[in-house]
Every structure is written in C-alpha cells, then in structure tokens.
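> fold the stuff below for me.
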Amino acid sequence: RRVHGATLSDNKLEYYTKALAIYNRLNIENEITATIYYKLEGEFSAIGKEGDYCKRALSIYKKLDVESEEVAMIYYKLGLMAGSAQESCEFFMRALDIFRRLKLDSENTALIYHKLAEASDSAENKVDCYNRALEIYGALGVSSGVVADIHYNLGIILESPEQKQEHYLKALEIHKKLDVENEVCLLYTSPSPRDSCASRMPSSACKKKKKKK
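Residues are numbered from 1 along each chain as shown. Predicted coordinates for the structure are as follows:
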C-alpha cells in the first residue's frame, strides 16, 4: 500500500523508507523491495552516493534470479553513472543482453543502443549501434528528435559524402515533420572540419530565426 500510495503523495521518500523499514524488520527481500530501491535511486539518491540504491536493487534481483526490463534499466542507469566510458559500455551491454534474452525491442532498447554508441570509442561500433537503434525505432514507428539526432550523428561519422547527405536530409525531414519552426538546423551535406567533432548535434548548429520587424 505504501508503494502504491507513494505515487500520489508528496512524501514519497517517507513512504518508501517506511516500507523498506518494515521489510527489513521482517527480513524480507523480494521483487517489491528491489523495486522500492530502484524508485529511490531515480528520485532520492544522495550526492556522492549515486548508484547505491541501484546496486542494492540489483543485488536482490540477482538473489531472486530475476531478469526483467527493470533489471536491464538498472544496468542502464549504472552505465549513465559509471566513471569511465569503458565501464559505461559494459553496463549498457549487460542491459542489452537482458533485452535480447527477453526478445524485447522497445524504445528503452533503442535508447541504450543510442547511449552505447555515444560511449563507444570505435567508429564502427558507433555506426552499428546507431543503425540498430534506428532499426528498432523504425519498427516501432517512432519519429522524434532523438531519431533525427541519430541521423545527424551518423552523418558526422560516415565518410561517404552520399551517406552523409542521406542522413542529414533524413534529420532535416524529421525536424520538418515535427514542425520545428523556431530553429534553422544547419546540416552539412559535404565533408567539413566539423566532421571530426564529437558526434552530438552542437547548439551552434542551430540559429534562431530572426524576428520579423
């Protein structure tokens, strides 16, 4: 009851901690206990202790031999908090391994491929992960700013001028469909010095339209 009540209360932390206190007194560790720790990580992790709640939840799930989308997302969150790109990649790959075993291709799966591409130091791996994310988003019928960002990143990484143009134009097409009228995105269709920059759409790549006098 406390878990469900917490979703409607301004005192989530109080409800979560009281629920955990009861479970601890009863010496019970189950999927609900793990879920509470996971919820705590998302909203109440203390500065300097990021990841502690996720690790506690993961420990319980391992004891219970549970594999689920939530477990995969715990690995994903740990990847976001990791201290190095290599460590982030390891957590992201563990999350993707779970999704593969569950035969689940969701927006979360695509999101992790996207983050894995960003963390990877190999251009080939980046391209593979970005393409896999696009494949999943396409199958789900998702067309969003995130998808446009992936096309833009592929345009930066790929060497062929034709491939660059293809992905830049796709990114532009998505932005037009999303009716992004307050920005003019400067997507390049030929190699330039900017192609060596990190594969993320820079804020300088967009200029606000001048207001009509």
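> all strands of this structure, in order?
Listed in chain order, the strands of the chain (DSSP state E) span residues 183-185, 206-208.
> any idea which of those strands has the lowest pLDDT on average?
Mean pLDDT is lowest for strand 206-208 among those, at a mean of 43.
> ok, how many other residues are close to Glu14?
12 (other C-beta atoms under 10 Å). Heads up, the C-betas are built off the backbone N, CA and C, glycines and all.
> ok, now Thr109?
Thr109: 24 surrounding residues under other C-beta under 10 Å.
> for Glu29, same thing?
Number of residues near Glu29 (other C-beta under 10 Å) recorded here: 17.
> touching, it and Lys63? I think so.
Yes: if you go by C-beta atoms under 8 Å, Glu29 and Lys63 touch, sitting 6.7 Å apart.
> quick check: buried residues in stretch 22-33?
Residues of stretch 22-33 classed as buried: Glu29, Thr33 (neighbour count, 16 or more other C-beta atoms under 10 Å).
> again with stretch 155-174
Residues 155-158, 164-168, 170-172, 174 are the ones in stretch 155-174 that count as buried (16+ other C-beta under 10 Å).
> look up how far Ala123 lies from the residue positioned nearest the centre of the chain.
Nearest residue to the geometric centre of the chain (C-alpha atoms, centre = their mean): Leu111, 4.2 Å. Separation of Leu111 from Ala123 (C-beta to C-beta, to the nearest Å): 21 Å.
> can you check Leu134 too?
Per C-beta to C-beta, Leu134 is found 16 Å from Ala123.
> looking at those two, which is more packed in?
Counted by other C-beta under 10 Å, Leu134 and Ala123 do not tie: Leu134 has more neighbours, with 20 against 13.
> surely that one is in contact with Asp149?
No: with contact defined as C-beta under 8 Å, Leu134 and Asp149 do not form a contacting pair (10.9 Å).
> can you check the pLDDT for Glu90?
As predicted, Glu90 sits at a pLDDT of 97.
> kindly report the same for Tyr53.
Listed pLDDT for Tyr53 reads 89.
> next one: Ile47
Here the pLDDT value assigned to Ile47 is 52.
> again with Lys12
78.
> same question, Arg1
41.
> again with Ala21
92.
> what number of residues lie near it?
By the measure other C-beta under 10 Å, the count of residues near Ala21 is 10.
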